[in-house]
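[1] just coords:
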């Protein structure tokens, strides 16, 4: 089951039974707009503050998942979930009413990959037959947490990204389904010393490169093994850095590579600068766009690499760098019908 | 392997090979002072801020663990770690130099239980042979994060607790050792609506009661199954509430129950009010005191229940309650010599 230094290939695949995605109005107006399950027109979700609005996204994603899945709520033994806010308050208050045992996770914007990985390990161990993996972010709660008050109306440099308002949730199971998690590669914290909180793509690209190289080495494969390699939220700037870093190592991924942050917005018309970001970015793009392409057979095997910038206002103001992390998940269509 | 609704009994036990503990000066002056591996006399650890001082605690605990263990650093495939600070900066910056794949966890002060549980599941699955579980807290970084500037010199009510400056780390393995994790019970978020951030024992006691009752029910046992039941940081106030809540359900745990927050300080002479708290409280008490008593044979079977209060200044200032969570870990001495 263990492969190389950082990877696991599951002896028995862990299946993705169903997924759900909830997004805000801006995300619904982007190129993937029609693929999301629920669009929340009110950015406050009828709540009195941004944090509760983000918790509401999580509730709506889990509610939708529980409608779409053929499993009962009681069948899900654990929930693996996280968000960007201090002390994971969007998650803590969002999952409260489900009464499902919960493992709180923090991997910055890579959290959905961490949740899929730990969820898959847990099902693989036999400790659960079904689990839920989820991650959320909200543009306004993230700006409040990490940057400026919205009322300040700060300018956004070209390398900055736009935090996705959204939540994705996935139901993992040990029962056969067409699409499965067949392996994972878990990331180390990689710090190239970048200190620009408005250029998170540059902070995260080295972690993504390290993770993808580790995956290739551990499995004895190269980029041609995958129909698509998809990072979480490197955006336009980080994309170029990643391609360059891998090119230096002899790998040209450019023909089979994309990034959730690039796919989710039309940067030119939506004024999102380098692209989308946040835990919700890779989560909703996976649950809508990536799963659709795998289920439909366009891609047989994908390396999904949510990326995280370990940014905090405290460490940033203390002069620290912004290290990156990435969590890789191999997702395959195992049904013979697909092509 | 699955037992009841929330528990797991591992088909093959997951062993605790070695543990390490690092504490501050105040903790070294408490009743458990002689048991800790490393005492950091300088509360700043020679760093320029509290957050880096906390990262240094984590580094010292992991360094010590790597000295004590018979495994090489490369044998540890994953680190499961977390702390109380926003975006887990103590952990992120503390684990950076080890180049071990890391899963960042947040369960408030229950994080060490979450790390042991997920570490044990992961070893059980075969995804790793050895992993490290760790959690840290620091009095000054926690006060800065959650309460008042130290310079303000606020008064501390009797129900308040004192965040432990310390970090505990454990090496888990699939190779036979005397002491093992034989099962886990994973907590749900329990919210009785308590809103007093200076009385976290009251916030967490219902979660601890719910967890202990779930453990009893899932395993078909009662308090007599354990030589000792040990919560994380309920303190004197939470202890009484927990005993009362369980008494209402027909269980008298008072004769075989203690709390890490009560054990670690002499509240009367050390001016720590209701007791110790923080991720580090249950982590260092486990790695020093509890492991010593299990290894030495005083206790054959322990239910270790780190408790967390899901407190954030943002949610608190927005009028939210402080929900609790608890993560239960069954630790046993499996060597026939012990008694």
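    Received, thanks. All figures in this text were calculated on a predicted structure; none of them were measured in a lab.

[2] Where does the stretch 151-300 of chain A get nearest to chain B, residue-wise?
    Closest residue of the stretch 151-300 of chain A to chain B, C-beta to the nearest C-beta: residue A:186 (3.7 Å). (Each C-beta comes from the backbone N, C-alpha and C, glycine too.)

[3] how about the nearest residue to that residue, chain neighbours excluded?
    residue B:101 (3.7 Å; C-beta to C-beta, 6 or more residues apart in numbering or on different chains).

[4] hang on, the earlier thing: burial of the residue of the stretch 151-300 of chain A closest to chain B, as a residue count?
    31 (other C-beta atoms under 10 Å in any protein chain shown).

[5] Likewise for residue A:243?
    18.

[6] okay, it: pLDDT?
    On the pLDDT scale, residue A:243 is placed at 98.

[7] just checking, it is part of a strand?
    No: using DSSP: H, G, I helix; E, B strand; the rest coil, the assignment for residue A:243 is helix, not a strand.

[8] Now do the contacts for it.
    A:252, A:253, A:254, A:257 (C-beta atoms under 8 Å, 6 or more residues apart in numbering or on different chains).

[9] can you do 10 Å?
    A:205, A:209, A:234, A:251, A:252, A:253, A:254, A:257 (C-beta atoms under 10 Å, 6 or more residues apart in numbering or on different chains).

[10] you'd agree the fifth one is in a helix?
    The reference is to residue A:252. No: counting by three-state DSSP, residue A:252 falls outside a helix, being coil.

[11] so it sits right up against residue A:223, yeah?
    Yes: in this structure, residue A:252 is within contact of residue A:223 by C-beta atoms under 10 Å, at 7.0 Å.

[12] circling back to that earlier point, my guess is the residue nearest to residue A:186 meets residue A:218, correct?
    No: Residue B:101 is not in contact with residue A:218 according to C-beta under 10 Å; the separation is 11.0 Å.

[13] Just want to know which of the two has more residues nearby.
    residue B:101 (26 against 19).

[14] Quantify the burial of the closest residue to residue A:83 other than its chain neighbours by counting its neighbouring residues.
    Of all residues beyond its chain neighbours, the one nearest residue A:83 is residue A:90 (4.0 Å), with distances taken as C-beta to C-beta, 6+ apart. Close neighbours of residue A:90, defined as other C-beta under 10 Å, add up to 32.

[15] Most neighbours out of the contacts of residue A:243, which is it?
    residue A:234 (36 neighbours).

[16] Around chain B, pick out the residues from the stretch 101-250 of chain A.
    Counting by C-beta under 10 Å from any C-beta of the partner chain, the positions of the stretch 101-250 of chain A adjacent to chain B are A:101-108, A:110-111, A:114, A:117-118, A:120-129, A:141, A:144-146, A:184-191, A:210-211, A:214.

[17] give me that answer again for 6 Å
    Selection of the stretch 101-250 of chain A residues close to chain B by C-beta under 6 Å from any C-beta of the partner chain yields A:101, A:104, A:106-107, A:121-122, A:124-127, A:186, A:188-189, A:191.

[18] Could I have the buried ones of these as PyMOL selection syntax?
    Buried members of those, defined by 16 or more other C-beta atoms under 10 Å in any protein chain shown, are picked up in PyMOL with:
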select buried, chain A and resi 101+104+106+107+121+122+124+125+126+127+186+188+189+191
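
[19] Which pair of the residues of the stretch 101-250 of chain A next to chain B spans the longest distance?
    A:126 and A:191 (36.4 Å; C-beta to C-beta).

[20] Next, the contact list for residue A:306, please.
    Residues counted as contacts of residue A:306 (C-beta atoms under 6 Å, 6 or more residues apart in numbering or on different chains) are A:110, A:112, A:113, A:232, A:282, A:327.

[21] The residues you listed in helices, which ones?
    Among the contacts of residue A:306, the residues falling in helices (DSSP state H) are A:112, A:113, A:282.

[22] quick one on the thing from earlier: include pLDDT and secondary structure when you put the residues of the stretch 101-250 of chain A next to chain B into CSV, please.
    Putting these into CSV (pLDDT from 0 to 100; DSSP: H, G, I helix; E, B strand; the rest coil) gives the following:
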residue, pLDDT, secondary structure
A:101, 98, coil
A:104, 97, strand
A:106, 96, coil
A:107, 96, strand
A:121, 98, helix
A:122, 98, helix
A:124, 98, helix
A:125, 98, helix
A:126, 98, coil
A:127, 98, coil
A:186, 98, strand
A:188, 96, coil
A:189, 95, coil
A:191, 92, coil
